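> my questions are about this predicted structure, shown below with the sequence.
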Amino acid sequence: MKIIAIGRNYAEHAKELNNPVPSVPVVFMKPDTALLKDNKPFYHPDFSQDIHHEIEVVLKICKEGKHISEKFAANYYDEIALGVDFTARDIQARHKEKGLPWELAKAFDNSAPVSNFVPKAQFADLYQLSFNLDVNGETRQQGNTKDLLFSFERIIAFVSQYITLKKGDLIFTGTPQGVGKVSIGDKLEGYLEGEKMLDFEVK
């Protein structure tokens, strides 16, 4: 399986990092070794002094497809979860200055904690989903899918023009504003529509 991630998909997050609001999806990838499941602890890597949390809604692809039409894209995912796109912001900043890829800042081991998946059918409207990340009991990020720049279907259609999507692939759909640094000892809790989905510690 592969992890595809979308950057700058909430306008306010793009602005908080002084990035332009994109006209097409910004795509990057994480390897399967980035996946961290079952609320296991995240071990802070030694190579960065500025690991940031980015809470996101995650889609699970349920069947193979390429060159998918946007009008049929909803048929290609049936479950969603919450995930954190951990980012080494100091490394990312250095790479952005030089126009280099982001992988060392985004794709390191365990940089993609993901909750259990739930059927998308249990939600009345996928574009009215509220979600938030609390750090040590304080809400740091709060988002709603109504504010997505590119819909889930648009993302699937766009990505599949370039990359074949396979059953089990995950798509991180972007983070709202409020990203910030995590430190050893922090407790992270992620909520989707008020239900706790993520609950783990930084060690």
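Done, it's in.
> now do the contacts for the closest residue in space to residue 189 that isn't next to it in sequence.
Take residue 189 and drop its neighbours on the chain: the residue closest to it by Cβ to Cβ, 6 or more residues apart in numbering is residue 134, 4.5 Å away. Heads up, the C-betas are built off the backbone N, CA and C, glycines and all. Going by Cβ atoms under 8 Å, 6 or more residues apart in numbering, residue 134 touches 140, 188, 189, 190, 191.
> hey, what's residue 134 bridged with?
residue 139, residue 189 (DSSP bridges).
> dump the residue contacts of the nearest residue in space to residue 160 that is not next to it in sequence.
Counting by Cβ to Cβ, 6+ apart, the nearest residue to residue 160 once its immediate chain neighbours are dropped is residue 68, at 4.2 Å. Residue 68 makes contacts with 76, 156, 157, 160, 165, as judged by Cβ under 8 Å, 6+ apart.
> got phi/psi on residue 68?
Main-chain torsions, residue 68, degrees, to the nearest 10: phi -80, psi 130.
> circling back to that earlier point, of all the contacts of residue 134, which comes closest to residue 125?
residue 191 (17.3 Å; Cβ to Cβ).
> just checking, the closest one touches residue 142?
No - when contacts are counted by Cβ atoms under 8 Å, residue 191 is not listed as touching residue 142 (9.4 Å).
> out of those two, which sits in the more crowded spot?
residue 191 (19 against 15; other Cβ atoms under 10 Å).
> would you check how far apart that one and residue 115 are?
With distances taken as Cβ to Cβ, to the nearest Å, residue 191 is found 10 Å from residue 115.
> overlap of the contact sets of the two?
Contact with both residue 191 and residue 115 is made by residues 82, 197, according to Cβ under 8 Å, 6+ apart.
> start and end of stretch 9-23, how far apart?
Stretch 9-23 stretches 10 Å from its first residue to its last (Cα to Cα, to the nearest Å).
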